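Visitor: sharing a sequence plus its predicted fold:
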Amino acid sequence: MSTDTEVELERLLQARNQYPDRAADIDAQIRARFMETHAILVLDSSGFSRLSQEQGIIAALAEIERMRGIVAPIVEAHQGSPFKLEADNVYAVFPSVERAIAASREMMRQLALINKHVSIGIGYGDLIMISDGSCYQDVYGEEMNLASKLGEDLAETDEVLLTEAAVHQLCTERPREHLPVSPPTAMTISNLTLQVYRLTPNP
């Protein structure tokens, strides 16, 4: 079901297509109405396809539900907002990169206790937020796309990868502290070459 904000965004986008000479004005309206700045975390659960093949789809879905039951409270405990639970993925936004990192560490720690493993991507930037008035329903933006590529495609099992924008923001949040990330590594996906940073283990 479409939310009020989703309908409003669709109306503005349709107007932008219909009246290209008004694109700049409509873009400004969209930014003012829908754009917010957040850290974004995308989690991908490892082993879903294998578990489905070995034990069947019901067992695999039960494990996904178990994983979500652990992850969602961690997101909320770190002031995050989960906005999409899709297959074996979890998407959430946070007020800072620091909180997204803390949440990712706690997720991996608690999931390891039940022998579950995940890959995580973290981005930071301006995002178009769709809300039903009480919670976020969907998110669009470049950093959303990049965090998805990191979490779903590039990160190894039990690995957290951060975008360049996320690390730059972390420098702002922790200006006089050593950053818990490795030197950047160039990775290529979908014809994009990205500077990617790995979160280092807790000391």
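Guide: Yep, it's here.

Visitor: and stretch 161-181, what's buried?
Guide: Residues of stretch 161-181 classed as buried by neighbour count (16 or more other Cβ atoms under 10 Å): 161, 162, 163, 164, 165, 166, 167, 169, 170, 180, 181. (C-beta placed from N, C-alpha, C; glycine too.)

Visitor: can you put those residues in CSV and add distance to residue 109 and secondary structure?
Guide: Listed next are the buried residues of stretch 161-181 as CSV, based on distance: Cβ to Cβ, whole Å; DSSP: H, G, I helix; E, B strand; the rest coil:
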residue, distance to residue 109, secondary structure
161, 18, strand
162, 18, strand
163, 23, coil
164, 26, helix
165, 26, helix
166, 21, helix
167, 22, helix
169, 24, helix
170, 20, helix
180, 15, coil
181, 18, strand
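
Visitor: pairing partners for the longest strand along the chain, with directions?
Guide: In the chain, assigned by DSSP state E, the strand with the most residues is strand 118-131. Using DSSP bridges, strand 118-131 pairs in its sheet with strand 35-45 (antiparallel), strand 136-140 (antiparallel), strand 159-162 (parallel).

Visitor: okay, those strands, which one's buried deepest?
Guide: strand 159-162 (a mean of 27; mean count of other Cβ atoms under 10 Å).

Visitor: show the average pLDDT along it.
Guide: The average pLDDT for strand 159-162 rounds to 96.

Visitor: run through who's touching it.
Guide: For strand 159-162, contacts defined as Cβ atoms under 8 Å, 6 or more residues apart in numbering pick out 97, 101, 104-105, 108, 119-123, 150-151, 154-155, 170, 181, 196-199.

Visitor: how about 7 Å then?
Guide: With Cβ atoms under 7 Å, 6 or more residues apart in numbering as the contact definition, strand 159-162 has outside contacts at 104, 119-122, 150, 154-155, 181, 196-199.

Visitor: and residue 140, bridged to which residues?
Guide: residue 128.

Visitor: what about it, distance to residue 13?
Guide: 11 Å (Cβ to Cβ, to the nearest Å).

Visitor: before we move on, back to that, want to throw the strands paired with strand 118-131 into CSV with distance to residue 75?
Guide: Output for the strands paired with strand 118-131, formatted as CSV (distance: least, Cβ to Cβ, whole Å):
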stretch, distance to residue 75
strand 35-45, 8
strand 136-140, 12
strand 159-162, 14
